[in-house]
Each structure stands twice: as C-alpha cells, then as structure tokens.
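[1] The following comprises the amino acid sequence and a computationally predicted model.
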Amino acid sequence: MIMRFSFILLALGLWAAALSSCCQPGHKNSQPVVVDSLFQESYAYDLDIYSTQLANGIGSDSGYHPIYTFGIANTGPDDDDFTLQIRLNGAGFDITKHVPAGDTVLFETPVAPPNSITMNAKYFYPILAVADTIPLMPEAYYGMFVPSPDSTKIRSLRPDVRVLYGAIDNGPEACNTPPSEYNVNIDALPDR
C-alpha cells in the first residue's frame, strides 16, 4: 500500500514537472520609450453625429476632440508589436503597430480622412468592442468631446495612456506570454 501511494505521488510529481517545464515561453526583449520631441497635439471639430453632454453641462451634437501623435521607439533588441492604449470616460482606442528593434514609429489617434500614419495601424474601439482597421471617428471619440480647443490638451483632458508590449501568442510549446505595460507620463510630455 505504501509502495503504491509512493508510486502515485512520484507519477503526479513527474507529471506536474513536465507540465510546468513545457510552458516556459520567453518574453520579447523589447522596450517602448516615448520620444518627447515627436509628441504633437491638436484638435478637430464637429463630428456632428452624437448628442453629447459636454463637460460644462451644455448639450451639443458636436464638439472638439483631441488628435495626438506619439513617437514610440523600440529600444530593445527584438522586433515587437506595440499597442498604444488611450482611454477616457469609457471611450478611446487601441492603436497597434509593428516596431522593429531600434526604430521609432509614429502613432496617431484617428483622423479623417486617414493619412499615412493612421492607415498602417490596427484600431480597436473599446466602447464598441469591435476591431476595425478603418478609424470610425464618432465611435473613437465618443465620450471625449470637449467644449473648447484648450480642453483637448493632453494635460487638460488627462486620458489614461499606456503601451502594451512583449506579448508572445502561441510561442514555444504553444504557450502565451501576456504583455507588459508601460504607462506614459502625460505631465512629462512637451506642451505643443
């Protein structure tokens, strides 16, 4: 009986060791850094789609929304897909781009019509939970309307901005590595 119990424990121990050793994927060796000199902020007006309650309590069917450009460098030795996430009041988007090791890529929030920066990105709109490759302006900026151009400034609007990086999907032994997160300090960005 003791021998049978010992054999079962040994078999379970070997099985657990085999499982833990088969799923040890590496993390991509990449590191995003926001390049301050490439940061730009602007605004657009009159999406004219939704009735929106602006921050000052006045209802409107249009308003100002921010347009931000971030230069993000990959300072690690591995190529990676970086996802810039911007969130505010349940609105926002994810912008995913491939960033080769040592390169800097521009990430721009959606604009109409799409330009060379926005055309080469994959967008996701959390308010709709639908992935799309063509930015739909009203859905992207719903909840980010503001009453004046000055309130589109990143320090005034204060969105949550982060970069996800380093994820491995179906890597060695079909294991996944979740992404790491780099939080962007919006107060450190230049005022432009």
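    Received the coordinates, thanks. Numbering: from 1, shown residues only.

[2] so F93 touches E108, yeah?
    No - at 11.0 Å, F93 does not count as touching E108 under the criterion of CB atoms under 8 Å. Backbone N, C-alpha and C define where each C-beta goes, glycine included.

[3] Please compare these two by neighbour count and tell me which comes out ahead.
    For F93 versus E108, the count of surrounding residues by other CB atoms under 10 Å is larger for F93: 24 against 20.

[4] Okay, strands next: where are they in the chain?
    32-45, 52-53, 59-60, 64-74, 80-88, 91-99, 104-108, 122-125, 130-132, 160-165, 180-183 (DSSP state E).

[5] Can you convert the ones you listed into a markdown table and add a column each for mean pLDDT and distance to P149?
    Shown next, in a markdown table, are the strands of the chain (pLDDT from 0 to 100; distance: least, CB to CB, whole Å):
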| stretch | mean pLDDT | distance to P149 |
| --- | --- | --- |
| strand 32-45 | 92 | 5 |
| strand 52-53 | 48 | 16 |
| strand 59-60 | 52 | 14 |
| strand 64-74 | 93 | 5 |
| strand 80-88 | 92 | 17 |
| strand 91-99 | 89 | 18 |
| strand 104-108 | 95 | 18 |
| strand 122-125 | 76 | 24 |
| strand 130-132 | 59 | 27 |
| strand 160-165 | 95 | 20 |
| strand 180-183 | 94 | 26 |
